[in-house]
Structure formats: structure tokens, C-alpha cells
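K.L.:
Here is the input, now give the coordinates:
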Amino acid sequence: MKLVVRVKLLPSPEQAKALQATLRACNAAADHASQGAQTTGARDKGDGW
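P.N.:
Modelled structure (predicted):
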């Protein structure tokens with residue numbers, strides 16, 4: 001499932017750096033989960049990955 005949310009943020013420079021770091025970490029976690037699922041052939045939560 002893909003969820004798309006459009007928002008307009010007006011962060012301070014410090015907040016922008018923190019937001020960018022958070023989004024990079026989230027993306028890295030999603031990539032890791034995806035790679036693990038592909039490696040094991042898991043297709044849903046019940047597949048054990």
C-alpha cells in the first residue's frame with residue numbers, strides 16, 4: 001500500500017536539518033525491510049520476516 005500525503009512545511013534551518021535526517025533514517029529502515037523481504041521471499045506480516 002502506498003500512502004501519499006501532501007503538506008507544506010516551513011521549518012527553521014535547524015528544524016529542516018532534523019527533518020531531513022529523520023526522513024533519511026525512515027527511508028533507510030524501509031529499504032532494509034524491503035531487502036529483507038525480497039531476500040526471504042516474504043510477502044506479508046505472516047511470512048516471518
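
K.L.:
Provide the count of other residues in contact range of Ala42.
P.N.:
Using other C-beta atoms under 10 Å, the number of residues around Ala42 comes to 14. All C-beta spots, glycine's among them, are computed from the backbone N, C-alpha and C.

K.L.:
Revised request: answer the last question for Ala37.
P.N.:
14.

K.L.:
so how far is the host helix or strand of it off the chain centroid?
P.N.:
For Ala37, the host element (DSSP states H and E) is helix 13-40. When distances are taken as C-alpha atoms, centre = their mean, to the nearest Å, helix 13-40 is centred 4 Å away from the chain's centroid.

K.L.:
which residues of the protein score low on pLDDT?
P.N.:
44-49 (pLDDT under 70).

K.L.:
list the contacts for Val5?
P.N.:
Contact analysis of Val5 by C-beta atoms under 8 Å, 6 or more residues apart in numbering lists nothing.

K.L.:
if I look at it, how far off is Gln20?
P.N.:
Going from Val5 to Gln20 by C-beta to C-beta, to the nearest Å gives 17 Å.

K.L.:
try Val4
P.N.:
Per C-beta to C-beta, Val4 is found 19 Å from Gln20.

K.L.:
Looking at those two, which has the bigger crowd around it?
P.N.:
Gln20 (11 against 4).

K.L.:
Quick check: the gap between the more buried one and Ala33.
P.N.:
In terms of C-beta to C-beta, Gln20 sits 21 Å off from Ala33.

K.L.:
ditto for Leu23
P.N.:
Between Leu23 and Ala33 the computed distance is 16 Å (C-beta to C-beta).
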